[in-house]
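Peer 1: Need coordinates for the below:
(one chain, ligands or ions: 1)
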Amino acid sequence: MVKRKTCVFISGRGSNLKNLIFHSRDNNFPIKISLIISNDKNAYGINYAKKFQIPFIIINTKLRNCENKILLNLKKYKITFICLAGYMKIISSSLIKKFNKRIINIHPSLLPKFKGLNTFSRMLKNKEKKAGCTVHYVNEKLDSGITITRKSFFIDSKDNELLLKKKTQILEYQAFPEAIIKIFRNN
Ligand code: GAR
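Peer 2: Numbers count the residues shown, from 1 in each chain. You can find the predicted model right below:
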């Protein structure tokens, strides 16, 4: 199988990145992680890049040439697919256009509900019955692209923000690889 050269964008802990790295080591998994981009030099996830010897770059989104740096590196590593795994910055519209339908994101809610930040506190405040995660294509509107996979669970009366996050992330570790397999099975 020819694996898609993939770049994973992160901002923090990188547990989804770690999960994708493990999956990508399987010969039958459709992507190879060839590059990791973090907008935070202190993101814990960078350790996985180092541990698994995957090239990584740190970008400073406040700098004007940051977009150029991203594009140059995507080209350098021949990237054809992008996964946003806890990347907390908006992707530029030129990058979205260049990688049309080849950028996916994981979001910790059942989209279209609770786009944006602070999903768990808003869910609890709203007395939602269900929580979960969504993997979707990235378009120019925040958390609004076509859904690829969603996974849900019933919220328990004892659930707080931390428990919701933990339960959601367990589902994320299934949903993200599943979504990737689904995309490339159809291509
Ligand atoms: C994940 O739960 C992901 O759904 C969320 O950030 C977390 C990153 O965790 N993404 C967003 O909120 C994007 N709007 P990780 O760094 O451990 O993978």
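Peer 1: need the contact list for Phe114.
Peer 2: Arg122, Met123 (Cβ atoms under 8 Å, 6 or more residues apart in numbering). For the C-beta atoms, the positions are set from N, CA and C on the backbone; glycine is no exception.
Peer 1: tell me the pLDDT at it?
Peer 2: Looking at Phe114, its pLDDT stands at 98.
Peer 1: so how far is Ala43 from it?
Peer 2: 24 Å (Cβ to Cβ, to the nearest Å).
Peer 1: same thing with Lys32?
Peer 2: 21 Å.
Peer 1: cool, and Asn28?
Peer 2: 29 Å.
Peer 1: Tell me which residue lies nearest the centroid of this protein.
Peer 2: Nearest to the mean C-alpha position of the chain, by Cα atoms, centre = their mean, lies Ala85 at 2.4 Å.
Peer 1: which residues touch that one?
Peer 2: Taking Cβ under 8 Å, 6+ apart, one finds Val8, Phe9, Ile10, Gly14, Asn16, Leu17, Leu20, Gly45, Ile106, Phe176 in contact with Ala85.
Peer 1: Check Asp40 too.
Peer 2: Ser11, Gly12, Ile58.
Peer 1: How about Phe29?
Peer 2: Lys3, His23, Pro177, Ile180, Ile181.
Peer 1: And the buried ones among the residues you listed, selectable in PyMOL?
Peer 2: Buried subset of the contacts of Phe29, written as a PyMOL selection, criterion 16 or more other Cβ atoms under 10 Å:
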select buried, resi 3+23+177+180+181
